[in-house]
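Novice: This is a predicted model, with the sequence first.
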Amino acid sequence: MAIAIGCWTIFGAPRTAAAHDYAPPLAIALEEESLPAATASAAPSPSSSGSPGATSPATPTPTAATPSQTPAPTADSSSATYQPPAVPADVPPPSDFSTSPIAAPVSGASLEPLIEKTGDPSLSASLRTTEEARNEIADNHFDEAIRTLGRAVSIDSGNAYAYFYLGRAYLMKKDYNQALTFFSRAEMGLNSDPAWLGETIGFEGACYEELGREQDAALAYQRALQSAPGNLMARAGYGRLAAALPQPTPVEEQPSADNSDQSPPEENDIRIVPDGEPLDTPPPDEAAPSSSSTNHRSSPQ
Amino acid sequence: MRRLLKFALFGVCAVFLFAIPPALYYFFSYYDALRSEVMQRFAGQHWSIPSRIYSDSELIYPGLDLEAVGFFQRLERLNYHLAPTGKTLSRGEYTWDRKHRRLTIFLHRFSYPYNQFPGEPVAMKVSTGNVVEQMDDLSSGRQIYSFQLEPELLSGIFQGNWHQRRIVRLSQIPPAQIDAVLAAEDHRFYEHHGIDLARTIKAAYVDFTAGHVRQGGSTLTQQLMKNFFLDSERTYHRKLKEALMAYIAERLYSKDEILENYLNDIYLGQRGQEGIYGIWEASEFYFSREPGDLTIGEMATIAGMISSPNRLNPLRHPDWARVRRNEVLGLMLQDGYINKAAYDNAVTEPLRPRETFTENNDAPYFTDYVKHELADRYPPNVLTGEGLRVFTTLDVHAQKLAEKAVDENLDELEAKYPRLRRKEEQNRLESALVALEPATGKIRAMMGGRNYRQSQFNRVTQSKRQPGSVFKPVTYLAAMEETLNGGPGQYLPTSYIEDSPFTWEYGDMSWTPRNYKDRYFGRVTLEFALQESLNSATSRLANAVGLDRILAMAAKLGFGDLPAYPSIVLGGIEVTPMQIASAYAIFANEGLAVEPYAVTAVVDQNGHVIQGHELKAVQTLSPQLAYMLDFMLENVVNHGTGIGVRRRGFKAPAAGKTGTTNDSKDAWFAGFTPNLLTVVWTGFDQKEMLNLTGAEASLPAWTIFMKAAAASHPALDFAVPPGITVEKVDPLTGYKAGPYCPVVIEGAFPTALAPAEACPFHTGKSSPVSDRSAPPTPTVPSEPTD
């Protein structure tokens, strides 16, 4: 019996996934599709932290809080956490992203250009600490990176990049809900930089996909492509999951005044609009762009 | 004669047969017992090593204001020596060239939880405003962009007495230090077998002629036995026992093992309640350096202290310490440990122990809080004996500022209001302050009361008091959340509500909240109602929203299950300052809840991290909802009941809420910047009437603290999230304000609900519409619905 168990353990036991086995959707997509070579994107422009943007935040799903000496907010799914309103189904599809060149992931590059451009000493120090964490993530030291990023946030809580990499680290640790929380937080500070914003939302899509929330994932990929049409991960994800998107509500037929017995127009037929009849207008955007950033650095007292 | 001889012989035989065997038996039994004791003591863990609690480290980087972070005071508390400019630095020294604005510091080695810092010399260029301009690592010659100033020791966890020591191997102690100790205490250590007979005989002669034990002839081994097992009583019996144990130890263990134990065990002075034991601790305490970095003279000073640590303390009695040092140097020369040149150098070397300082760096309420947390996870014997190192979130500089703010405020209140003075210490006016980083949950400062020695009761975490109006934001959050979620009511900052006397009927009871000084404002906006902390308007709003929604919001914010009474909306519950801080941190952190914490890491004796901390957050409120509330709370500080913050000179963007209970027994102020949140409570433990508002009693302490503490953080504005529009509105009409609108307020709105049209009433072409007859903005029903 013992020998049998031992043999099964050695030769027959299923391989358990380790952290380094994680193959994000991006990698899967590259195997399946033949894509043009990526072209390097422009160096990201430094953004002041916390700048507002036009998109609404993604939908984080909170994790249960740990009880402690000081009562922490509970994470009961029914009431204790923020559950944002459902994203309306009629989000327009990203416009013609297929012709946009593929962009390299901005988060793979060093943060040095950002560090050099910022004139804010605490943000600079926080970004340098974030850069340390970026390298730790690249070396698969995710716990170390989380600790380093905690320090980065402590130095400057407005450093949106630190939150982005916290999301990355938790994603690699497969804590997808926590990753979503931090990506969502990062979104608020990165929405003046389309490449970073697109990448952040793209990773949100990856988290949703891992959680089995395909519709949310598809919507996130869609939003990511609206910001960064060249984002490969979002493209691949959108390609996989577009079918999961809610279908638009069919428009009711308008009967013709003179030809009531005419059959409805075929798909791709050009509809001739009689004079005086208003043209169809596209549906409004989900959220209007907000005003420009107000998260400027106040002068020290 | 022969008979006498026979008798004598018989007597001797009798002694041999009947007396000596039992005596031998007794002696061997005694010897065996002592042997077992010695073996037990040497085997395994020799000492109970207390755990140590450290503060947070401080990151220094270009652009940092050294004055704002109390840099020089930190250096003093960390035992860094100020050396003359131009001197070649040893580890633990620094120079400050004011003329050229150049600070050079040789950082201590430090074992952080996850990395070892070797200690490097760093040079900093500092502006006239005490801001770091540039930093260079002098060992590599390269520019650096940050370094960490190591944490400060706050306290130990020990049982009985605090014997602080660091256990090191003999190989880690420099040979010259060992030589100095041997020269001073036992130069024939490697020759005798535990007892130095010549020395003992000489000491016995001196004692005999004096009539009592006067001179110690003890070897190192005897001293070690005395420290391990015996008291300091000087009797012949104790001396004999000590000698026998020393002999046993020498037979069982090597000279090096005995010497190693000795050097780790020896008592070398006192720091407050903390006893300094062992060569390593003494080296760091008296000279702020490791033994390997000491000079020959400094090593001789420490060795010379052994015979009388308090009398020969170089900090307190430098002259006597110097005399004894030179004696030891002479003995080292005589024994051939040093040559004449080294001796001449050492005797002329000035004795430079670190400067004494009276300021301590403990934070007793905070360390108590940490100990309670640790006691939940570790058994007492581990905490008091396993030498754990506990790294915390406390910022000692912020803690000092908190102490100063609380003390100053209470003194001012008692001076201004003599009715608040009490003769008995235990009845005096009290205050509590807690400061934390909303984004990380780090507790940076904690004052549980005005005097820890008088009362260890931690009012931050243990005192449940009524929060009064600091609880009001919960109602406004519940109302606005309903609107954001598309609920039936529309509650925006510029929505109107009636502020007039009103009675809330519930079940067969009723409740009539009253405004402060019975002053009512009629029809007001929600923003104004919170800004001026109007009880009636808030209660009407709560009534309209529904108590169940408010209770649900309170539960979300960490207040647990509250009773369903209307009075809770005005803070008719009991909470701790920490609970208020925890809830307000969510507002400050864009709706993200990060649990406050105090312990960053726990490291065992072998350097393994046995407890760590990860930053985790829960999105409890939407960023949009949090921002809308923050905007309203900024108005409280800029225009409302919290305006005292501005009048007292705090300029950075801030939000907050005053709190005063109806019975005037509790006064609160909870306020925050994006980087730092602080809650202050003031009142009497016996719940006597204070008759002061939160603005009068607690806001001043908040402002004193935050003006200094927030200076070390970047002055951030509150981030406007997507989906929010900040708009100037005419509150009389509800439209976007134009240039002719007589009253203009700014509010934060969900973009979809923000006023889009300009005010058509105040155009400058027609007479302005009367204030009270303006077309209504959607309002909260003014009649109670229950």
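Specialist: That came through fine. Numbering: from 1, shown residues only, chains lettered A, B, ... in the order given.

Novice: Can I take it that residue B:155 is in a strand?
Specialist: Yes: the assignment for residue B:155 (DSSP: H, G, I helix; E, B strand; the rest coil) places it in a strand.

Novice: Check the offset of the biggest helix by length in chain B from the chain's centre.
Specialist: When every helix of chain B is counted residue by residue (DSSP state H), the longest turns out to be helix B:20-42. Distance of helix B:20-42 from the chain centroid (CA atoms, centre = their mean, to the nearest Å) equals 50 Å.

Novice: Name the surrounding residues that touch that helix.
Specialist: Helix B:20-42 is contacted by residues B:225, B:228-229, B:241, B:244-245, B:248-249, B:252-253, B:257, B:261 when judged by CB atoms under 8 Å, 6 or more residues apart in numbering or on different chains. The C-beta positions use only the backbone N, C-alpha and C, and glycine is treated the same way.

Novice: List buried residues within those.
Specialist: B:225, B:228, B:241, B:244-245, B:248-249, B:253, B:261 (16 or more other CB atoms under 10 Å in any protein chain shown).

Novice: need these in a markdown table with pLDDT and secondary structure, can you?
Specialist: Below are these laid out as a markdown table (pLDDT from 0 to 100; DSSP: H, G, I helix; E, B strand; the rest coil):
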| residue | pLDDT | secondary structure |
| --- | --- | --- |
| B:225 | 84 | helix |
| B:228 | 76 | helix |
| B:241 | 83 | helix |
| B:244 | 86 | helix |
| B:245 | 86 | helix |
| B:248 | 89 | helix |
| B:249 | 88 | helix |
| B:253 | 89 | coil |
| B:261 | 88 | helix |
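
Novice: Return only those of the residues you listed found close to chain A.
Specialist: Counting by CB under 8 Å from any CB of the partner chain, nothing from the buried ones among the contacts of helix B:20-42 sits close to chain A.

Novice: now the helices: where do they sit in the stretch 351-500 of chain B?
Specialist: Using DSSP state H, counting those that start in this stretch, the helices of the stretch 351-500 of chain B run over residues B:364-375, B:380-385, B:396-416, B:473-484.

Novice: what does chain A give?
Specialist: Remark: helices assigned in chain A by DSSP H are A:2-7, A:25-32, A:112-117, A:121-138, A:142-155, A:160-172, A:176-190, A:194-210, A:214-227, A:232-241.

Novice: So if we follow the domain assignment, how does chain B break up?
Specialist: Following automatic domain parsing, one gets these domains for chain B: B:2-44, B:62-145, B:157-348, B:396-467+B:578-717, B:724-773.

Novice: what about residue A:144, distance to residue A:159?
Specialist: Going from residue A:144 to residue A:159 by CB to CB, to the nearest Å gives 18 Å.

Novice: more neighbours, the two?
Specialist: residue A:159 (31 against 18; other CB atoms under 10 Å in any protein chain shown).

Novice: May I have the predicted confidence score for the more buried one?
Specialist: pLDDT recorded at residue A:159 is 95.

Novice: was I right about it contacting residue A:149?
Specialist: No: at 9.1 Å, residue A:159 does not count as touching residue A:149 under the criterion of CB atoms under 8 Å.

Novice: shared neighbours, the two?
Specialist: residue A:130.

Novice: Number of residues surrounding whichever residue of the stretch 151-300 of chain A sits closest to chain B?
Specialist: Residue nearest to chain B within the stretch 151-300 of chain A: residue A:157 (3.5 Å; CB to the nearest CB). For residue A:157, the neighbour count with other CB under 10 Å is 30.

Novice: What residues does the nearest residue to it once chain neighbours are set aside make contact with?
Specialist: Leaving aside its chain neighbours, residue A:157 sits nearest to residue B:439 (3.5 Å; criterion: CB to CB, 6 or more residues apart in numbering or on different chains). Applying CB under 8 Å, 6+ apart to residue B:439 gives the contacts A:153-154, A:157, B:589, B:592, B:594, B:674-675.

Novice: any chance of these in TSV, with distance to residue B:693 too?
Specialist: Converted to TSV, the contacts of residue B:439 look like this (distance: CB to CB, whole Å):
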residue	distance to residue B:693
A:153	35
A:154	34
A:157	31
B:589	27
B:592	31
B:594	31
B:674	26
B:675	27
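
Novice: Name the nearest residue to residue 188, ignoring sequence neighbours.
Specialist: Went with chain A since none was named. residue B:721 (5.2 Å).

Novice: Can you look at chain B instead?
Specialist: residue B:196 (5.6 Å).

Novice: again, but for residue A:154
Specialist: Nearest residue to residue A:154 in three dimensions, chain neighbours excluded: residue B:440, at 4.9 Å (CB to CB, 6+ apart).

Novice: go on, residue B:667?
Specialist: residue B:697 (3.6 Å).

Novice: ok, that neighbour touching residue B:666?
Specialist: No: with contact defined as CB under 8 Å, residue B:697 does not count as touching residue B:666 (9.0 Å).

Novice: quick one: common contacting residues for the two?
Specialist: Contacts common to residue B:697 and residue B:666, judged by CB under 8 Å, 6+ apart, are B:682-683, B:690.

Novice: Can you convert these into JSON lines and add a column each for secondary structure, distance to chain A and neighbour count?
Specialist: Shown next, in JSON lines, are the shared contacts of residue B:697 and residue B:666 (DSSP: H, G, I helix; E, B strand; the rest coil; distance: CB to the nearest CB, whole Å; neighbours: other CB atoms under 10 Å in any protein chain shown):
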{"residue": "B:682", "secondary structure": "strand", "distance to chain A": "21", "neighbour count": "28"}
{"residue": "B:683", "secondary structure": "strand", "distance to chain A": "20", "neighbour count": "26"}
{"residue": "B:690", "secondary structure": "coil", "distance to chain A": "25", "neighbour count": "24"}
